[in-house]
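>>> Sequence and predicted model, in that order:
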Amino acid sequence: MCGLFGLYRSPGATHPERASDAFVALGMLAGERSADSAGVALFGRPGTINVETPTVQGDVTDGGCRVVKGRGTFLRVWRHDLLAGLDAAPVALGQVRRATQGRPDRLVETGPLLVGALTGTHSGDVDAAGLRARFATPPAAGDADSEVIFQALAAGHRPENVLSALHGRAALAWVDRTRPGRLHLARGALSPLCVAVDAEGNLYWASNPDWFRRVERDTSVRFRSAVLLREGTHLTVEGDEVRGTEFVPTARPGDPMMPDRVWQDFTTADREHALAQRRHRIAETCVA
């Protein structure tokens, strides 16, 4: 499973460097999930959007968003010269990819992905063919499912309609580059997604709740709260406002049969808590 992490800064936060330290620490911890590839997206002021399909470039800036990605772990991709951009970014998305579809050596399939006006990350594995058929998505640049999900979202379909149509494991984070002050977080079936808020009101997300405990141990950031999102939750964060909606998450029959992949590196207590919260339905047949 991929490792997602990210930061949405509070407008009133006075120590941006502390939140940046936490973001980098989360990226390092996400390396536990995979060493296939990694990437980050740092948002700035909106600009002209020219790149609307995933790119093979390892460093591209478009629509006011800089995406840096490459083969290997987060530490192989992250560079010290990115720190100033991170300190200034109101939102930062991060992903460590473990290839479940496509190839691990193809940057066109490595998140964060630029699709339409969206920049997004996805952890999991869903039936891409069913999405293509339902939403009539255009030909994809790569062979992975993540691009198809963001194609459907970028086409203007209601997020809940797209999220309800996912058959498989899914956790998502995305931002519209024309509106970088608005963040979307969603958890479908199984794939974990945890959200935390620090003492200054900055919001973070991660694929493992234990990463927040370890960030507190290794940085000066202290969290006021940290929760595992329930399956079927879509959060929209804008300024100090957080809005939540629900949808019905759907897993395929084989998805619950791989707990070691879904709950990789979870503590026993965190795994038991996550298992007790499951609320997805099982698709009777895979979507053709």
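Cool, the structure landed.
>>> Quick one: end-to-end distance for stretch 39-59.
10 Å (C-alpha to C-alpha, to the nearest Å).
>>> Distance from the chain centre to that stretch, please.
Here stretch 39-59 shows a centroid-to-chain-centroid distance of 15 Å under the convention C-alpha atoms, centre = their mean, to the nearest Å.
>>> Return the residues in contact with the nearest residue to residue 233 once chain neighbours are set aside.
Excluding its sequence neighbours, the residue lying closest to residue 233 (C-beta to C-beta, 6 or more residues apart in numbering) is residue 187, at 5.3 Å. Any C-beta I mention is one placed from the backbone N, CA and C, and that applies to glycine too. The contact partners of residue 187, taken as C-beta atoms under 8 Å, 6 or more residues apart in numbering, are 170-172, 193, 229-233, 249.
>>> Let's see that with 7 Å instead.
Residue 187 sits next to 171, 193, 229, 231, 233 when contact means C-beta atoms under 7 Å, 6 or more residues apart in numbering.
>>> What is the burial count for the fourth one?
Right, the one you point to is residue 231. Burial measure for residue 231: 26 neighbouring residues, criterion other C-beta atoms under 10 Å.
>>> Could you measure from residue 50 over to residue 184?
From residue 50 over to residue 184 the distance is 23 Å, taken as C-beta to C-beta, to the nearest Å.
>>> Looking at the two, which has the bigger crowd around it?
Here residue 50 and residue 184 are compared on neighbour count by other C-beta under 10 Å; more neighbours surround residue 184, at 19 against 9.
>>> Helix or strand for the more buried one, just tell me which one.
strand 182-187 (DSSP states H and E).
>>> and the residue found closest to residue 180 once you drop the neighbours it is linked to in the chain, bridged to which residues?
Nearest non-adjacent residue to residue 180, counting by C-beta to C-beta, 6+ apart: residue 43, 4.3 Å away. Under DSSP bridges, the beta-bridge partners of residue 43 are residue 65.
>>> Could you give the number of residues near residue 43?
Under the neighbour criterion other C-beta under 10 Å, residue 43 is assigned a count of 24.
>>> for residue 197, same thing?
Per other C-beta under 10 Å, the neighbour tally for residue 197 reads 17.
>>> Correct me if wrong: it contacts residue 224.
Yes: applying C-beta atoms under 7 Å as the test, residue 197 and residue 224 come out as touching, 5.2 Å apart.
>>> hey, which helix or strand in the chain has the poorest pLDDT?
Within the chain, judged by mean pLDDT, DSSP states H and E, the helix or strand with the poorest mean is helix 259-262; its value is a mean of 86.
>>> Report the buried residues of it.
When neighbours are counted by 16 or more other C-beta atoms under 10 Å, the buried residues of helix 259-262 are found to be 261-262.
>>> Looking at the contacts of residue 187, which is nearest residue 18?
Distances from residue 18 to the contacts of residue 187, taken as C-beta to C-beta, are shortest for residue 193 (22.8 Å).
>>> Now do the same for residue 224: helix, strand or coil?
strand (DSSP: H, G, I helix; E, B strand; the rest coil).
>>> same question, residue 236
strand.
>>> so after the strand or helix carrying residue 122, what's the next helix or strand?
In the assignment (DSSP H and E), residue 122 maps to strand 118-126. The C-terminal neighbour of strand 118-126 among helices and strands, as given by DSSP H and E, is helix 128-135.
>>> between the contacts of residue 187, which is nearest residue 258?
Proximity of those to residue 258, judged by C-beta to C-beta, is greatest for residue 171, which lies at 15.0 Å.
>>> residues contacting that closest one?
Contacts for residue 171 were tallied using C-beta under 7 Å, 6+ apart; they are 4, 123-124, 187-188, 191-193, 207.
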